[in-house]
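1. quick one, fold the following:
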Amino acid sequence: MYAHSTRSHIPQPPHSAGTPYKGLRAAIDPNQIPSPIDTIENDREKWEDEPYTTLPGKHPPLSTTDFVAIDQGNSSPKFVRMTTWNVPSTSRLASECEIPIAAIIQPFAEQDPREEPVPLVQSGPSGPPRCERCRAYINPWCTWMANGDKWKCNLCNHETEVTPDYYCNLDANLLRLDHLQRPELNKGTVDFAVSEEYWAPNPPPHIRPLYYSVVPSPTSGVRKPQPMDYVFAFDVSQEAVRSGFLRTACAALLESLFGDGESVPPCFPQACRVAILAFDQTLQFYNLSSEVAGQPPMLVVPDVEDVFLPSIAGLFVNPAESRNAIVDLLTTLPMRHEHTLEVEAALGSALSVSLAALVCNVRAGRGGKVVTFAATLPTIGVAALQLLADESSLYGTDKEKTLFSPRGETWKDIGDQCAAEGVGVSMFLGMGRPIDIGSIGLVSSISGGEVYFHPKFEAARDGMVLASQLRRLLSRSTAYSCSMRIRTSNGLRVATQLGNFYESAAADLEFGTMDADKALAVTFQHARTLDDRQYAFIQAALLYTTVTGERRVRTFNVALRVVTLAGNVFQYADMDATVSLMVREAISKLPTEKFSHIHDTLTEKCALLLYAYRKFCAASAAPTQLILPEAFRTLPLYVVCMMKTKPLKARNVTADVRNFYAHKLMALSARSIMFHLYPRMLAVHDLNDEIALPDANGKIDLPSLMRDSHMFMESHGVYLIDNEELIVLWIGSSVSPQVLKDLLDVDDIMQVDTHILHLPLLQTRLSTQVRNILAHRFTQRGYTPKFMIARQNMDGSEIEFADMLVEDQNNAAMSYLDYLCLVHKQIHTALTTGASISLGHGGFRSMPW
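-> Here you go, the predicted structure:
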């Protein structure tokens, strides 16, 4: 729908400096280089009205496409996405192709409303059927033997006898007669309700306990599953009060617990209980019991070094039963501390005592969720940190790596103990000065929580976003006391696992909490040659407790074809999963390698993969010709986008910003990563009259996107760009007054209010269209990103907009066009001279470019 002409494009808007191409290159029309938009739009059109069936042998839709999956024995790509759906038969073939064998697993991915929900199987007192040898769970790819008395494991080929209560005769096709009534024999993803044998064990006593317990904690046996409890901890120091962060956080929690009485309903899980505490130089606990009249009594613990829980009476309450006490506390808490002189806050002590509260509470079901609102660097108490030195002097030196490692082991201990106890920690940070996310954020990374980042917090600007994030945190699918194990069929083995979790000594992945927005990456290696006449299998099993207190196992099963030719591996490769893995691998190297080395490694991986395709699948073409595999046509673009992300950007970015985005990207789904790396941009002024308006059936057709470059923009245009964290509306200097009137209710660009937090509610067609598009995106992601307006050559926010134009030369990196030429030059040199692209002496690291 857009005419992507580059003839009358605007000059590049003000931006952070990029890196020019060194040397000479031919003039190339930007319209002629591979476009990710073409791929995304073609895939969307293909799968818009066609369901995707998950049997092997079919290329799945892209992660950026809204599709309906029909589970036929393989897990939906929304749950498990492979880097290639055809596995190389040998390790040699795998190394020649340079495509990693990996899976991106998102256990609680949200499904399309038209899809069948994950079935729940009641497994009875004997538990779900499992292989006696490898302990894999029964699945659609198992085969039946001995008239139904035994089943053969598809992972290790061991035959296991069925229990009497699970026995059923076989039909002429060697399928059970009740095959269609058993979801675990038909569906790739199922939930098993499990018995006491699967309850979470009590962890052994810790060598360095974080708190002193007045109630003896059991160190053996299991803990009965209970509905999840929440602890909300508020920083009441001077910084939190002065900025309005405390008042905003209290108001957001009140709205989430009880709604606003009009348009916003409550979103707190009904069966759950809540505890509220405050902290500065002391720890403050509140008795919220409905039996107590008047203001909730407060208990103060002045010792923040050796913390303990003074009482558990009235600490955890049901919000509905203690509504008056909670409303009273959250309403008066900001006023009580309005004139505070306390400038320090013991965040580490607050986290430790929150853990103690969840472990020692009378319901005896350990585990839960800690949500803390912090605004001050924790310079006192448990895991106290010193003020940060000037970090800018460390960039470019060997010491820059220290900015991405925790200062002290205690923060890691807090994360480890939270994960072991089934507790997840999420943090809302509204600081005015550096707070060392590299240290405190580690607790959230290890425990499966999340960090929300609001630097230089302003209540008017950030309040709506914070409230939206808190509602998403409380309303999305969440589980606690989670443990995951990945199993493979003979010939494959797990190599590495990347994400936000705690890896136990048994190689299980432990999550204090796991939610719908979290994903992890798992890479695999060959243990021996695979038989190309059989499938290769991967099974992931997640043991978890639901918010309502039910213990379950969710299994994910994937059958993959085994191939012997490189062309078949490339044919069914998946760029979304590959990019998700590459960005995680790059971020994981921040504590050990310099930025320049990480960038070189990314370029080499990209060039090696494309060179492998050229060498093994298109050897007859001329070396001067750039030939890209269909699946990886835009891989160079996404690699250069990785180099422009906040954690991997070469130029000065504060350590807090880098560490926040590093934490976030390590746990993002493939879909969110693709949208973050290459933001969605559309031309608002160019929307036709029917787009984004409901038809007779209530269905909305979304507009096509456009490429992220000033080369495709016009000065009379209005453009909306969205990278999942920030939405910017850019207004050209020659914009039509009618467009401004329809969109913002002004007719002069000088009258535009650049401080508005959302588009005004107007009854014009254009306003309705844009608000429908944003509302659709809100329903998909569940929260509202920050919103900015940038006028051409007028507002400072234009730099943020220009840096999101990732195809341009900015963010201390090349333009997409220059980078594509660089990669092509490396491949051409390797083809003509035999030079090595790989690491080491004689490779391209020593070349002048």
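2. residues near D748, how many?
-> Summarising burial for D748: neighbours were counted as other CB atoms under 10 Å, giving 10. Every C-beta, even on glycine, is put in place using the N, C-alpha and C of the backbone.
3. oops, could you answer that again for E262 instead?
-> Once other CB under 10 Å is used to define contacts, E262 is seen to have 6 neighbours.
4. how much space is there between it and E255?
-> Plainly put, E262 is 11 Å away from E255 if you go by CB to CB, to the nearest Å.
5. which residue packs closest to Q106, ignoring adjacent ones?
-> Distances taken as CB to CB, 6 or more residues apart in numbering put A519 closest to Q106, at 3.9 Å, once the chain neighbours are dropped.
6. list the contacts of the one you found.
-> Under the criterion of CB atoms under 8 Å, 6 or more residues apart in numbering, the contact list for A519 reads 104-106, 109, 499, 580, 667-670.
7. what's the closest of the residues you listed to A27?
-> Taking CB to CB as the measure, A27 lies nearest S580 of those, at 34.2 Å.
8. is that closest one in a helix, a strand, or coil?
-> State at S580, reduced to three classes by DSSP: H, G, I helix; E, B strand; the rest coil: helix.
9. how close does it sit to Q469?
-> Taking CB to CB as the measure, S580 falls 22 Å from Q469.
10. what do you get for I673?
-> Here the criterion is CB to CB. By it, I673 lies 19 Å from Q469.
11. just M145 next, same as before
-> From M145 across to Q469, the span is 52 Å (CB to CB).
12. same check on H776?
-> Between H776 and Q469 the distance, using CB to CB, works out to 19 Å.
13. and the two? which has more neighbours close in?
-> Q469 (21 against 13).
14. which residues touch the more buried one?
-> Taking CB under 8 Å, 6+ apart, we find Q469 in contact with 428, 452, 783.
15. and if you look at Q571?
-> Counting by CB under 8 Å, 6+ apart, the residues that Q571 touches are 59, 86, 630-631.
16. flag the shaky bits of the stretch 301-450 of the chain, pLDDT-wise.
-> Low-confidence segments of the stretch 301-450 of the chain, defined by pLDDT under 70, span residues 362-365.
17. and the strands in it?
-> Chain-ordered strands for the stretch 301-450 of the chain, with DSSP state E, counting those that start in this stretch as the definition, fall at 368-374, 423-429.
18. nearest to L358, of those strands?
-> Proximity to L358, assessed across those by CB to CB, is greatest for strand 368-374 (4.2 Å).
19. elements contacting the closest one?
-> Packed against strand 368-374, as judged by 3 or more CB pairs under 8 Å, 6 or more residues apart in numbering; DSSP states H and E, are the following elements: strand 229-235, helix 245-258, helix 347-360, strand 423-429, strand 478-488.
20. gap between that strand and the chain center?
-> How far strand 368-374 lies from its chain's middle: 19 Å, per CA atoms, centre = their mean, to the nearest Å.
21. can you check stretch 687-698 too?
-> With CA atoms, centre = their mean as the basis, stretch 687-698 stands 31 Å off its chain's centre.
22. swap in stretch 408-416?
-> Using CA atoms, centre = their mean, the offset of stretch 408-416 from its chain centre is 22 Å.
23. now swap in stretch 609-624 and tell me
-> Centroid separation between stretch 609-624 and its chain, computed with CA atoms, centre = their mean, is 35 Å.
24. now do it, average pLDDT.
-> On average, the pLDDT along stretch 609-624 is 89.
25. quick one: buried residues of that stretch?
-> Of the residues in stretch 609-624, 609-617 count as buried by neighbour count, 16 or more other CB atoms under 10 Å.
26. and the contacts of that stretch?
-> If you take CB under 8 Å, 6+ apart as the criterion, stretch 609-624 is touched by 96-99, 566-567, 570, 627-629, 632, 635-636, 823, 826-828, 830-832, 837.
27. one step back: and which of the buried residues of stretch 609-624 is nearest V553?
-> When the buried residues of stretch 609-624 are compared against V553 (criterion: CB to CB), the nearest one is L609, at 36.2 Å.
28. M711 and P30 touch, don't they?
-> Yes - A contact is recorded between M711 and P30 when judged using CB atoms under 8 Å, the distance being 5.1 Å.
29. which one's more surrounded, the two?
-> Regarding M711 and P30, a neighbour count based on other CB under 10 Å identifies M711 as having more, with 21 against 17.
30. returning to that earlier point: export the helices and strands packed on strand 368-374 to JSON lines and tack on distance to P201?
-> Supplementary listing: the helices and strands packed on strand 368-374 in JSON lines, determined by distance: least, CB to CB, whole Å:
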{"stretch": "strand 229-235", "distance to P201": "19"}
{"stretch": "helix 245-258", "distance to P201": "32"}
{"stretch": "helix 347-360", "distance to P201": "14"}
{"stretch": "strand 423-429", "distance to P201": "15"}
{"stretch": "strand 478-488", "distance to P201": "10"}
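31. which one of these lies nearest to R81?
-> From the helices and strands packed on strand 368-374, taking CB to CB, the stretch that ends up closest is strand 478-488, at 14.2 Å.
32. next helix or strand past the closest one?
-> With elements assigned by DSSP states H and E, the helix or strand that comes after strand 478-488 is strand 492-498.
33. and that following strand, what's buried?
-> Judged by neighbour count (16+ other CB under 10 Å), strand 492-498 contains these buried residues: 492, 494, 497-498.
34. name the SS class of V87, please.
-> Using three-state DSSP as the criterion, the local structure at V87 reads strand.
35. which strand residues bridge it?
-> Going by DSSP bridges, V87 is paired in beta bridges with V562.
36. what's the local residue count around it?
-> By the measure other CB under 10 Å, the count of residues near V87 is 27.
37. pretty sure it is touching V558, no?
-> No - applying CB under 8 Å as the test, V87 and V558 come out as separate, 10.3 Å apart.
38. what segments of the stretch 651-800 of the chain are helices?
-> For the stretch 651-800 of the chain, the helices defined by DSSP state H, counting those that start in this stretch occupy 655-667, 670-677, 737-744, 765-781, 798-803.
39. so which of these gets nearest K412?
-> Judged by CB to CB, the one of the helices of the stretch 651-800 of the chain that comes nearest to K412 is helix 655-667, at 14.0 Å.
40. rewinding a little: need the contacts of Q469 in CSV (columns: neighbour count and distance to L315).
-> Formatted as CSV, the entries for these read as follows, by neighbours: other CB atoms under 10 Å; distance: CB to CB, whole Å:
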residue, neighbour count, distance to L315
F428, 25, 21
Y452, 22, 25
Y783, 18, 29
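41. distance to R242 added to the residues you listed, as JSON lines?
-> What follows is those, written out as JSON lines (distance: CB to CB, whole Å):
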{"residue": "F428", "distance to R242": "17"}
{"residue": "Y452", "distance to R242": "20"}
{"residue": "Y783", "distance to R242": "26"}
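42. just those now: which is nearest D398?
-> Of all the contacts of Q469, D398 sits closest to Y452, with 32.1 Å by CB to CB.
43. confirm that G127 sits in a helix.
-> No - note on G127: no helix contains this position according to three-state DSSP, which reports coil.
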